[in-house]
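Colleague: Dropping a prediction and its sequence here:
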Amino acid sequence: MNFRRCAVALISPLALHAQSQGPTGGEFWTIKIGDIIMILAVVAAPLVAVHIQWRLQLRREKRDRKVWIFKTLMATRGTPIAVEHVQALNMIDVEFDGKSGKDAAIREAWKVYLDHLNKPFDWAKADDVQKGLQNEKTGDLLAELMQKMGEPLGYHFDVVYLKKHVYVPIGHGELQLEERIMRRAWIRVITGQNPLKMEIVSLPAMASEKELEEQAKLRTASLDFFEKKEPWPVRIVDQTPPGEPRS
């Protein structure tokens, strides 16, 4: 509703009231303050209702986006390298941007977790103990972040539950490991770091000495014939049965 419509809606009741009071112009201003307040309330009520509905809609949409982030992290916490998991993490600062203490605690937990993820760690040179400690700390920080995120959204999970109660099939882990190994191996081959290895498993069976000697004679005879350009010797054999005319 624009300003012109508001003005018309405000003035029309006043004009009708003045017209009902008679031709005297001064009686127009005998309208009571209570009537003016009532008219203003009637005009302002739809505007206030629309504004409140708009604010509630924005609040509902923002909460839905927060819930999407939490549910995505919940579903992919067993596969932290999944694309959806990374996207949800990077949306935390955008959606949990309120001034409340809960949003601030979530952003702080995400800051600590992000700092841990960005620290360089050489998996190739690390032993099993170091790898285990690294994975343990990563799981702890992620669980703490999700626990603080879920509380204001109505999802009450403790840190131990978020760490331990997750299902990751062994086949998925093996598949990811194999894909990673294949990708790195092909990158080394394509970039020239490693040659493409070829291994001969078996060779065709070798011919005997007699067969090799016959093949050599046949090859020699064929070469002599083509070099001399002589016709092939042909012998005609008569296979007509006795007593029958020859064709």
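Modeller: Right, received. Where do you want to start?
Colleague: going forward, measure contacts and count neighbours with C-alpha atoms only.
Modeller: Fine.
Colleague: Can you list the low-confidence ranges for the chain?
Modeller: Flagging of the chain using pLDDT under 70 yields the residue ranges 1-31, 173, 202-207, 229-232, 234, 237, 243-247.
Colleague: Grab the CA positions of stretch 141-153 and hand them over as CSV.
Modeller: Extracted in CSV, the C-alpha atoms of stretch 141-153 (Å, rounded to 0.1, in the frame of the first residue of the first chain):
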residue,chain,number,x,y,z
LEU,A,141,36.3,-30.1,17.3
LEU,A,142,33.6,-31.0,14.7
ALA,A,143,31.4,-32.6,17.4
GLU,A,144,31.7,-29.5,19.6
LEU,A,145,30.8,-27.2,16.8
MET,A,146,27.7,-29.3,15.9
GLN,A,147,26.7,-29.6,19.6
LYS,A,148,26.7,-25.8,19.9
MET,A,149,24.9,-25.4,16.6
GLY,A,150,22.1,-27.9,17.4
GLU,A,151,21.1,-26.6,20.8
PRO,A,152,19.4,-23.3,19.7
LEU,A,153,17.8,-25.2,16.8
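Colleague: ok now that stretch, how far from the chain's centre?
Modeller: Stretch 141-153 sits 22 Å away from the centroid of its parent chain (C-alpha atoms, centre = their mean, to the nearest Å).
Colleague: Val67 and Gln130: what is the separation?
Modeller: With distances taken as C-alpha to C-alpha, to the nearest Å, Val67 is found 34 Å from Gln130.
Colleague: Between the two, which is the more surrounded one?
Modeller: Val67 (17 against 14; other C-alpha atoms under 10 Å).
Colleague: Could you give me the buried positions within stretch 75-90?
Modeller: By 16 or more other C-alpha atoms under 10 Å, the buried positions in stretch 75-90 come out as Thr76, Arg77, Gly78, Thr79, His85, Ala88, Leu89.
Colleague: do stretch 40-54 as well
Modeller: Val43.
Colleague: Pick out the residue nearest the middle of the chain.
Modeller: For the chain, the residue sitting closest to the mean C-alpha position, by C-alpha atoms, centre = their mean, is Val83 at 3.7 Å.
Colleague: May I have the phi/psi pair for it?
Modeller: Per-residue torsions, Val83: phi -60, psi -40 (degrees, to the nearest 10).
Colleague: Please apply the same query to Pro152.
Modeller: According to degrees, to the nearest 10, Pro152 has phi -70, psi -20.
Colleague: May I have the residues that are in contact with it?
Modeller: Going by C-alpha atoms under 8 Å, 6 or more residues apart in numbering, Pro152 touches Lys102.
Colleague: and it, how far is that from Ser208?
Modeller: For Pro152, the distance to Ser208 - C-alpha to C-alpha - is 85 Å.
Colleague: likewise Arg65?
Modeller: Distance from Arg65 to Ser208, by C-alpha to C-alpha: 78 Å.
Colleague: more neighbours, these two?
Modeller: Remark: of Arg65 and Ser208, Arg65 carries more neighbours, 16 against 8, as counted by other C-alpha under 10 Å.
Colleague: ok, longest helix in the protein?
Modeller: Longest helix of the chain, by residue count under DSSP state H: helix 33-76.
Colleague: list the helices and strands whichever helix or strand comes after that helix packs on?
Modeller: Once the chain leaves helix 33-76, the next helix or strand it forms, by DSSP states H and E, is helix 83-90. Packing partners of helix 83-90 (3 or more C-alpha pairs under 8 Å, 6 or more residues apart in numbering; DSSP states H and E): helix 33-76.
Colleague: chain center to the helix it packs on, what's the gap?
Modeller: On the basis of C-alpha atoms, centre = their mean, helix 33-76 is displaced by 32 Å from the centre of the chain it belongs to.
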